[in-house]
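Novice: sequence plus predicted model, see below.
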Amino acid sequence: MNYYFILLAPFLAFVTIALFTRRFRSLSALMAIGGLGISFALILKLFLSLLTTGALPEPVEFSWLDLPGIHFGIGLLFDRLSILMGLLVSGVGTLIFIFSTGYMEDDPGYSRFFAYLSLFAVAMLGIVFSTNLIQTFLFWELVGLASYLLIGFWFEKNQAADAAKKAFMTNRVGDFGLMLGILLIWFVSGQALGSAEGRTVEFAQLARILPEGFASGTISGSVFFIAGLLIFCGVAGKSAQFPLHVWLPDAMEGPTPVSALIHAATMVAAGVYLMARIFFLFILSGELLQVVAAMGLLTALLGASLALMESDIKRVLAYSTMSQLGLMVMAMGLAYPVAGMYHLLTHGFFKALLFLGAGCVIHATHRQNIFELGGLFKRMPVTSMAFLMGMFALAGLFPFSGFFSKEEILQAALETSRFWFVGAEATTFLTAFYMGKLVWMVFLGHEKNHGETHEAPLVMTLPVMVLSFFSLAAGYFQIPELLGQASGETRTAHFGPVAFISTAVVLVGLFASFFLYGLKKPAYEPLEKRLGPLGRLFARKFFIDDLYNFYVAKIQQPFAELCDRANELFVIKGLGHLAGRGLYQLGSLMKKSLTGNVQTYISVVVVQILIILAVAAIFLQLV
Amino acid sequence: MISESHYLVLAFLLFAIGLFGALTRRNLILILLSIEIMFNAIHLIFVTFSRTWNNLDGQVAALFSMAVAAAEVAVGLAIAILLFRSRKTIDASQFNSLKD
C-alpha cells in the first residue's frame, strides 16, 4: 500500500465532500471518517512493524520545486517521533470525527463540517510526516486556514467570526517569524557546507549539517539563537505560548469537536512537535533553551491562573491546554524533548476526552457556564465518569497517564534547578484546583433545571469511553522508551520523591477546590473577592487582551489612518492628480490638431511622405 | 528638340498643380477636377516611358487607367451629389464629421 495515502485519503475525502457529496449528510460523514480511518490503519501498520521488527520504511518524497541549486520536495518521513505522533493525530482524530456525527447531528452545515475536519487532519498529518521545513511551513499554514474555517464554522455568530479572525491573525504574527527562521536556516545551511549549492531545508540533512557547522565554527552561535527564536515565534503562535496565546480561549467559539481537535491532535500540538522535530537546532544554543524554558513556565503559570477565574467550561479547558503546553515547552527548553513529547501524547488523549465530555454536557444541557450547571452525575453517569478520569489524568494522579508524563517533566525540572521545579509544581497545584472546581461544580450538587437532560447517544459516548481507556492506560505503553531510543534519553524515575511531592500537591489542590466549590456550591465566583486585586487581575486576564486592544485601536489604527491620509493627500491627490491633469492638458493640446478636415490630414501625409523621401534620398546618397 | 525630360517635368508640374488643388480647394467639384489632373500627369509619365523604351505596356496601362479614372469620376460625382442632397453644400471644409 502506498504510504502517500496517509495524506491522500483524508484529502480525497475533503475534495469529494466539497465537490460531490455535500447534499448527502451521512455519506459525507462516512467519507471523512473512512478517509482518516485509512490513514490511521496505515500508520498503525507502520507502528506494528516498528514494534515487531524495529524496521522503518525509507522516507518517500516527490519533487515539488526543482531548480538549479534549489530542491523542495513533499514527502513522508518515517521515524519513531512521526509515527507515534501520526498515530495520535489520526487515532484521536477518527474518534473525534465519530463523536461529531452525534454532536453536529442537527446542524445544517453537517457536510461542510466534515469537509473542514478532513482538511484539518490532512494539514496536521502533513506537518507530522514532513520531510523538510518548507513542507512543514506549507501544511502549517494549511492548519491555520482549517482552524480559521472551523473556529468560524458558525460564522453567522459575530463572536465566532471574530474569534476565527483573531486566531488567524495571531497565528500570522507567529508564522511570519517562522518563515524568517526557515529562510535563515536555508541560507546558513549552505554556509556550513561552504557552497550555496548545498542549501537545504531537509530535516535529515539539517540534523547533520547544523551541528557540524556549529562544531567547526563556520556558523556563529548567535545565528542559531536567532533562527531558533524566530522558529519559536511560530511555535508560540500555534501552541498558544505567551504572548501569542490570546487566540486560544476565543477559539472556543467553534463547535466542541473542533476544540477537541485543536487542543488534542491537530493544532496546538504542531508547535511542540516542530520543536521536537528540530530539537537539534535548539540544543545548539543554551541561551535559546533558557528563553524557551522561561516562556514555557510563564505560559504554564499564566494559563493556570487564568483558568482559575473562568466560568465557561470550555474556556477552562482551553486555559488548561495553554498551561500544559507551557509545561511541554518548558521541558523542551530544559533539554528534555522526550518528556515534552511524552506529555504531548498523553495530553492528546485526556484533553480530547475532556473536550468530548464537555461536548456531551453542552449537547445535553445547552449551557456552558459552570455556575448554571450542577448535579449531572445522576443524569449522565458515563460522561461524568469519563470526565472524572480525564480530570484525574490532567491533574496528574496515579495511575492515570498524566501522572507519568508529568513526572517526567517534573523530574527534568528538578534535575535542572529548583526554580523550574517550584514553578512546575505551582502549575500542578493550580491545575488540580481549577479542574477540581470544574468537576465539583458541573457534576456534583443539586441538579439545576436543565429540562430533560439525559446521557448522550452511543456515537458520542463510545469515543469518550475509548479515550478514557487510553487516558488511563497510556502511561503503561512505555512511550518514552518508544521515543527515547530515537534520542537516547530514557529516564524512569517514578515513585521517587518527586512523585510523592506532586501527588500531595495535587491532592491539596483537589481538596481545596472541594471545600470552596464542592461542599456548598456558590452561585458566583468566590475567589474574585477573596483574592482582592489579584483576583481582578486574573478576571481581566492580566490585561493582556486589553493591552492588545489598546495597541490595535489606539496605536495601530490611528497610524493606519495617518498613512491613509498621507496617501490620500500626497499620492492620490498629489501624484495621481498631477499625472491625470498633465495627461488631460496634453490631450486637449493634441485635440486641436484634429480638425476633422480630410484635406488637412492628407496635407500632413503628403508632407510626411516628402520628408521620408528626402531622408531616404540622403541616406541612399542619391543626391 | 523636345526630350523625354521635358515630358517628365511637365508631368511633375501637372501632378503638383493637381495635388495643390486637391489639398486647398474647398469646392468638391474642383477637388475632383484636381484629382483628374493628377491622374493625367501619371498617364503622361506612363506614355513617356513607353515611348522611351519602345514598350507598349505603358500605353496599355495608361488606357486602362483612363477607363478606371472615368469610372472613378462617375462615382465621385455621385458621392458629391449625394453629399449636396444631405448637407445642402459641397464645401469640403464643412465635411468635418471625422472630428467627432
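Specialist: That came in fine, so what should we check first?
Novice: report the contact partners of the closest residue to residue A:56 other than its chain neighbours.
Specialist: Once flanking residues are discounted, residue A:56 sits nearest to residue A:78: 4.8 Å by C-beta to C-beta, 6 or more residues apart in numbering or on different chains. C-beta coordinates here come from the backbone N, C-alpha and C atoms, glycine included. Taking C-beta atoms under 8 Å, 6 or more residues apart in numbering or on different chains, we find residue A:78 in contact with A:3, A:46, A:56, A:57, A:58, A:59, A:129.
Novice: and residue A:78, that one's in a helix?
Specialist: No. Read with DSSP: H, G, I helix; E, B strand; the rest coil, residue A:78 is coil and lies in no helix.
Novice: how close does it sit to chain B?
Specialist: Computed as C-beta to the nearest C-beta, to the nearest Å, the residue A:78 to chain B distance reads 76 Å.
Novice: contacting residues for the residue in chain A positioned nearest to chain B?
Specialist: Of all residues in chain A, residue A:596 sits closest to chain B, with a separation of 2.7 Å (C-beta to the nearest C-beta). Counting by C-beta under 8 Å, 6+ apart, residue A:596 makes contact with B:96, B:97, B:98, B:99, B:100.
Novice: now with 10 Å?
Specialist: When contacts are counted by C-beta atoms under 10 Å, 6 or more residues apart in numbering or on different chains, residue A:596 touches B:93, B:95, B:96, B:97, B:98, B:99, B:100.
Novice: which residue sits closest to the third one, ignoring its sequence neighbours?
Specialist: The one in question is residue B:96. Per C-beta to C-beta, 6+ apart, closest to residue B:96 is residue A:596, 3.2 Å.
Novice: picking that back up, and the contacts of residue A:78, which two are furthest apart?
Specialist: Using C-beta to C-beta, those span at most 13.0 Å, a distance reached by A:58 and A:129.
Novice: residues shared between the contacts of these two?
Specialist: A:3, A:76, A:77, A:78.
Novice: next, the last one: phi, psi?
Specialist: With angles defined as degrees, to the nearest 10, residue A:78 shows backbone torsions of phi -110, psi 110.
Novice: rewinding a little: from the contacts of residue A:596, which is closest to residue B:77?
Specialist: Nearest member of the contacts of residue A:596 to residue B:77, counting by C-beta to C-beta, is residue B:95, at 15.7 Å.
Novice: what about the closest one, distance to residue B:81?
Specialist: Per C-beta to C-beta, to the nearest Å, residue B:95 is found 14 Å from residue B:81.
Novice: higher neighbour count, those two?
Specialist: residue B:95 (16 against 12; other C-beta atoms under 10 Å in any protein chain shown).
Novice: now do the helices in chain B.
Specialist: Applying DSSP state H to chain B gives helices spanning B:4-24, B:28-52, B:57-87.
Novice: residues in contact with residue B:92?
Specialist: A:597-599, B:22, B:24-28, B:30-31, B:80, B:83.
Novice: please apply the same query to residue A:379.
Specialist: By C-beta under 10 Å, 6+ apart, residue A:379 lies in contact with A:361, A:364, A:365, A:443, A:447, A:450, A:452, A:453, A:454, A:455.
Novice: what's the closest of these to residue A:105?
Specialist: Among these, and counting by C-beta to C-beta, the member closest to residue A:105 is residue A:364, at 12.6 Å.
Novice: I'd say that closest one and residue A:384 touch.
Specialist: No. Look at residue A:364 against residue A:384 with C-beta atoms under 10 Å: they stay out of range, at 11.2 Å.
Novice: low-confidence stretches in the chain?
Specialist: Reading this off chain A. Low-confidence segments of chain A, defined by pLDDT under 70: A:1, A:192-198, A:448-452, A:484-495, A:521-532, A:535, A:539, A:623.
Novice: if you could check chain B rather than the one you did, that'd help
Specialist: Residues of chain B that meet the cut-off, pLDDT under 70, sit at B:100.
Novice: residues from it in reach of chain A?
Specialist: B:19-20, B:22-26, B:31, B:92-100 (C-beta under 10 Å from any C-beta of the partner chain).
Novice: could you redo the last one with a cut-off of 7 Å?
Specialist: Proximity of chain B to chain A (C-beta under 7 Å from any C-beta of the partner chain) is limited to residues B:19, B:23, B:92, B:93, B:96, B:97, B:98, B:99.
Novice: which one of those residues has the most neighbours?
Specialist: Going by other C-beta under 10 Å, residue B:92 tops those with 20 neighbours.
Novice: circling back: ok, which pair from the contacts of residue B:92 is furthest apart?
Specialist: That would be B:24 and B:83, which, of the contacts of residue B:92, are the farthest apart (C-beta to C-beta) at 19.0 Å.
Novice: of the two, which one has the most company?
Specialist: residue B:83 (17 against 13).
Novice: rewinding a little: looking at the helices of chain B, which is closest to residue A:119?
Specialist: Using C-beta to C-beta, these put helix B:57-87 closest to residue A:119, at 70.4 Å.
Novice: helices or strands up against that closest one?
Specialist: On a contact count with 3 or more C-beta pairs under 7 Å, 6 or more residues apart in numbering or on different chains; DSSP states H and E, helix B:57-87 meets helix B:28-52.
Novice: just to revisit the earlier point, surely the residue nearest to residue B:96 is within a helix?
Specialist: No. Read with three-state DSSP, residue A:596 is coil and lies in no helix.
Novice: got the contact list for residue 17?
Specialist: No chain specified, so I'll use chain A. Residue A:17 makes contacts with A:28, A:31, A:32, A:111, A:114, A:115, A:118, as judged by C-beta atoms under 7 Å, 6 or more residues apart in numbering or on different chains.
Novice: hmm, no, I was thinking of chain B.
Specialist: residue B:37.
Novice: that older thread, now the residue nearest to residue B:96. Its backbone dihedrals?
Specialist: phi 90, psi 0.
Novice: look up how far residue A:602 lies from it.
Specialist: For residue A:596, the distance to residue A:602 - C-beta to C-beta - is 13 Å.
Novice: likewise residue A:287?
Specialist: Taking C-beta to C-beta, one finds residue A:287 at 84 Å from residue A:602.
Novice: repeat for residue A:589
Specialist: 22 Å.
Novice: those two: which is more packed in?
Specialist: Using other C-beta under 10 Å as the criterion, residue A:589 and residue A:602 rank with residue A:602 on top: 13 against 9.
Novice: wait, a helix at that one?
Specialist: Yes. Residue A:602 forms part of a helix when assessed by three-state DSSP.
Novice: so it touches residue B:23, yeah?
Specialist: Yes. Contact criterion C-beta atoms under 7 Å: residue A:602 and residue B:23 qualify, at 6.1 Å.
Novice: what does the stretch 501-623 of chain A put close to chain B?
Specialist: A:594, A:595, A:596, A:597, A:598, A:599, A:602, A:603, A:606.
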